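Chemist: got a predicted structure here, sequence first:
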Amino acid sequence: MVNCVFNKSMSSAHLKQRLIKLVRLYPILALSVLLLAYLLGGFSEKDNPLIPQSVVITCLYLFGGLVPLFFIIAFIVVGNASDKEFTRNSGNQSNLAYEDAFDLPTQVMHGYKLALITGRDPTLTGLTGDTYLADSSAKCTITPAHVPPVAGCECGFYAYKDLTDAKFELSINPGAFLLDVDLYGIGFTYQRGYRAETQVVNLLTIPKRCMRCRILPPAVFITTYRLGSGDTTWWQWQTRCVICSSSFKAEDKLTFDQMSEKLSLKIRSA
Ligand SMILES: [Zn+2]
Ligand SMILES: [Zn+2]
């Protein structure tokens, strides 16, 4: 398999990940600050607290106002940086030139990505809405004449190199499933992943717990009708426990084996 080496800087994406992780810490931090303020006597009516009440209250105001403001500014800055990065990379893409395609280094392109299972007849669906089979070649929707991937176009199958990156994406897309994929054919290497011509899905991982109650282990796939904005109304398949799936009719349920057969891939529990 051939693989054009083309590295794309994804530093702002990593920054964004770090920011989101920090935002999740904020409630814990806020509680600790309140507790600290209480312990230091900030809320006591004593005449001579360890730290004057006015100082504690000023600090609380600063923490309540300044920290969220910092996050807002940081998100705007990171957002701007990634826009600029995207423009710069798009500019670079048109400059890609290879003297001899057969000189390109070869590399196994194994990766991870997320997919939803949608449709009355279950179908793998990317987070951007494109549907695909477990073994398929990418098609370009913008310029059907060319075979993906093409420099200067966004077509092709994408995957992360690192499981950690895919797991982070999964944590902010709880309706999605984790896929283990191999990519073949012409491919582009980025800092965090690949974009390639052909994709084979090896494995779909289902979460350890029911996707509704998040307590009991999953027992079955069920499908529900989701109302989206405009004409994006669709059937979505999720794994649920015995209790959360008990009200569903037989035609809206599939066992793991049946789903595995429908999608032609292996299904494993996390
Ligand atoms: Zn294209
Ligand atoms: Zn449940």
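Modeler: Nice, I can see it. Ligands and ions are numbered 1, 2, ... in the order given.

Chemist: for the stretch 101-250 of the chain, which residues are neighbours of ligand 2?
Modeler: 210, 212-213, 216, 241, 244 (Cβ under 5 Å from the ion). Yep, even glycine has a C-beta here, placed from its N, CA and C like the rest.

Chemist: buried among the residues you listed? Need that as a selection in PyMOL.
Modeler: Of these, the buried ones go into a single PyMOL selection, burial set by 16 or more other Cβ atoms under 10 Å:
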select buried, resi 210+212+241+244
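
Chemist: and the residues of the stretch 101-250 of the chain next to ligand 2 as CSV, adding pLDDT and distance to residue 168?
Modeler: Formatted as CSV, these follow (pLDDT from 0 to 100; distance: Cβ to Cβ, whole Å):
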residue, pLDDT, distance to residue 168
210, 97, 22
212, 96, 23
213, 97, 24
216, 97, 25
241, 97, 25
244, 97, 26
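
Chemist: how close does the nearest residue in space to residue 162 that is not next to it in sequence sit to ligand 2?
Modeler: Nearest residue to residue 162 in three dimensions, chain neighbours excluded: residue 192, at 6.9 Å (Cβ to Cβ, 6 or more residues apart in numbering). Distance of residue 192 to ligand 2, computed by Cβ to the ion, to the nearest Å: 33 Å.

Chemist: wait, what's in contact with residue 192?
Modeler: Going by Cβ atoms under 8 Å, 6 or more residues apart in numbering, residue 192 touches 10, 13, 160-162, 165.

Chemist: can you name the two of the residues of the stretch 101-250 of the chain next to ligand 2 that are farthest apart?
Modeler: 212 and 216 (9.4 Å; Cβ to Cβ).

Chemist: name the residues contacting each of those two.
Modeler: With Cβ under 8 Å, 6+ apart as the test, residue 212 and residue 216 both reach 241, 244.

Chemist: out of the residues of the stretch 101-250 of the chain next to ligand 2, who's nearest residue 54?
Modeler: Distances from residue 54 to those, taken by Cβ to Cβ, are shortest for residue 213, at 47.4 Å.

Chemist: tell me which element the residue most central in space within the chain is part of?
Modeler: Nearest residue to the geometric centre of the chain (Cα atoms, centre = their mean): residue 169, 2.3 Å. Using DSSP states H and E, residue 169 maps to helix 163-172.

Chemist: could you list the buried residues of that helix?
Modeler: 165-166, 169-170.

Chemist: reformat the residues you listed as CSV; add pLDDT.
Modeler: Formatted as CSV, the buried residues of helix 163-172 follow (pLDDT from 0 to 100):
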residue, pLDDT
165, 96
166, 97
169, 95
170, 95
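
Chemist: now tabulate those in JSON lines and tack on distance to ligand 1.
Modeler: Shown next, in JSON lines, are the buried residues of helix 163-172 (distance: Cβ to the ion, whole Å):
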{"residue": "165", "distance to ligand 1": "24"}
{"residue": "166", "distance to ligand 1": "24"}
{"residue": "169", "distance to ligand 1": "23"}
{"residue": "170", "distance to ligand 1": "27"}
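
Chemist: now tell me which of the contacts of residue 192 the prediction trusts least.
Modeler: Lowest in pLDDT among the contacts of residue 192 is residue 10, which has 46.

Chemist: remind me which residues of the protein are low pLDDT?
Modeler: 1-12, 44-50, 85-106, 228-233 (pLDDT under 70).

Chemist: now residue 65: how far from residue 30?
Modeler: According to Cβ to Cβ, to the nearest Å, residue 65 stands 12 Å off from residue 30.

Chemist: these two: who's more crowded?
Modeler: residue 30 (15 against 10; other Cβ atoms under 10 Å).

Chemist: quick one: contacts for the more buried one?
Modeler: 63-64.

Chemist: show me which residues of the helix or strand that contains it are buried.
Modeler: Assessed by DSSP H and E, residue 30 sits inside helix 11-39. Across helix 11-39, burial judged by 16+ other Cβ under 10 Å covers 12-13, 15-17, 33, 37.

Chemist: and it with helix 163-172, angle?
Modeler: Angle, helix 11-39 to helix 163-172, by axes from the mean of the first three to the mean of the last three Cα atoms, to 10 degrees: 60 degrees.
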